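*Asks:* Here is a sequence with its predicted model. Questions after.
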Amino acid sequence: MLKIGIVLGSVRQGRNAEAVANWTLDFAKKRNDADVEYEIVDLANYNLPFLGAAVPEAQQAEAEKAIKGWSEKMASYDGYIFVAPEYNHAVGGALKNALDYLNPEVNNKAAGFVGYGSLGGVRAHENLRLILGELQVADVRTAVTFSLMTDFENMSVFKPADYHEANANEMLDQVIAWSRVLKTVR
Ligand SMILES: Cc1cc2nc3c(=O)[nH]c(=O)nc-3n(C[C@H](O)[C@H](O)[C@H](O)COP(=O)(O)O)c2cc1C
């Protein structure tokens, strides 16, 4: 069984990430890929402190639990789909901070991107590729790029155009193939 985590990469209240991640999960599940399991992993469920920042004593146990839970969850997957919005031409700070906690947990695994923004989140994807390269995560070529202008109403109600499905299929095919092969490297 191949386990793919769909990482919900925004913790902003009222985030669009939730609708996009749910769409991604539904779309992936409908493919009925043999021996592949998809699951959303939501950054907002892990109240991660900034890496290395002092945590008040009363919150230390909770912070340690969050850090352990996040790294164990990410270690449990064979591949990832990052649902990543673009913030100032890069990935959001919450996702970057969360990735900074990881290294061996994600080494020699595969990743694909689903993004959204004025240009489909592509600059966040390119930024994420640099980060994942350092973490030895192999990111696939094809990405799904939703436009805040045309795939959302009022930039907040998700109404994706059908043509994205071709890219979503291609991206998932690539993530599955690479996730399978990289299992043999680990
Ligand atoms: C601080 C900030 C910076 C942003 N910078 C960009 C940007 O550089 N490019 C872009 O396409 N969208 C940008 N946006 C728009 C976000 O991509 C958009 O609000 C998106 O819905 C954020 O994802 P979320 O709703 O899941 O948090 C920015 C939004 C914020 C709040």
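*Replies:* Great, that's in hand. Bear in mind that the values here come from a model prediction, so they are computed numbers and not experimental data.
*Asks:* make it CA atoms for all contacts and neighbour counts henceforth
*Replies:* Noted.
*Asks:* Test my guess that Phe152 contacts Ser118.
*Replies:* No - Phe152 lies out of contact with Ser118 (CA atoms under 8 Å); the separation is 10.7 Å.
*Asks:* So which other helices or strands are in contact with the longest helix anywhere in the chain?
*Replies:* Identified as the longest helix of the chain according to DSSP state H is helix 164-185. Counting by 3 or more CA pairs under 8 Å, 6 or more residues apart in numbering; DSSP states H and E, the packing neighbours recorded for helix 164-185 are strand 2-8, strand 79-87, strand 109-117, strand 137-147.
*Asks:* which residues are contacting that helix?
*Replies:* For helix 164-185, the external contacting residues (CA atoms under 8 Å, 6 or more residues apart in numbering) are 2, 28, 36, 78-80, 108-113, 138-146.
*Asks:* Hmm, Ser10 is touching Pro85, no?
*Replies:* Yes - Ser10 lies in contact with Pro85 (CA under 8 Å); the separation is 7.1 Å.
*Asks:* Compare those two and say which is more crowded by neighbours.
*Replies:* Using other CA atoms under 10 Å as the criterion, Ser10 and Pro85 rank with Pro85 on top: 31 against 24.
*Asks:* Closest to the centroid, which residue in the chain?
*Replies:* The central residue of the chain, meaning the one whose C-alpha is nearest the mean C-alpha position (CA atoms, centre = their mean), is Phe82 at 1.9 Å.
*Asks:* Now a ChimeraX select for only the buried ones of the contacts of helix 164-185.
*Replies:* Of the contacts of helix 164-185, the buried ones can be selected in ChimeraX as follows, counting by 16 or more other CA atoms under 10 Å:
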select :2,28,36,78,79,80,108,109,110,111,112,113,138,139,140,142,143,144,145,146
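*Asks:* just the contacts of helix 164-185 that are near the ligand?
*Replies:* Filtering the contacts of helix 164-185 for neighbours of the ligand using CA under 6 Å from any ligand atom leaves an empty set.
*Asks:* Setting aside sequence neighbours, what's the nearest residue to Val140?
*Replies:* Using CA to CA, 6 or more residues apart in numbering and skipping the chain neighbours, the partner closest in space to Val140 is Gly112 (5.5 Å).
*Asks:* pretty sure the one you found is touching Asp139, no?
*Replies:* Yes - Gly112 lies in contact with Asp139 (CA under 8 Å); the separation is 5.7 Å.
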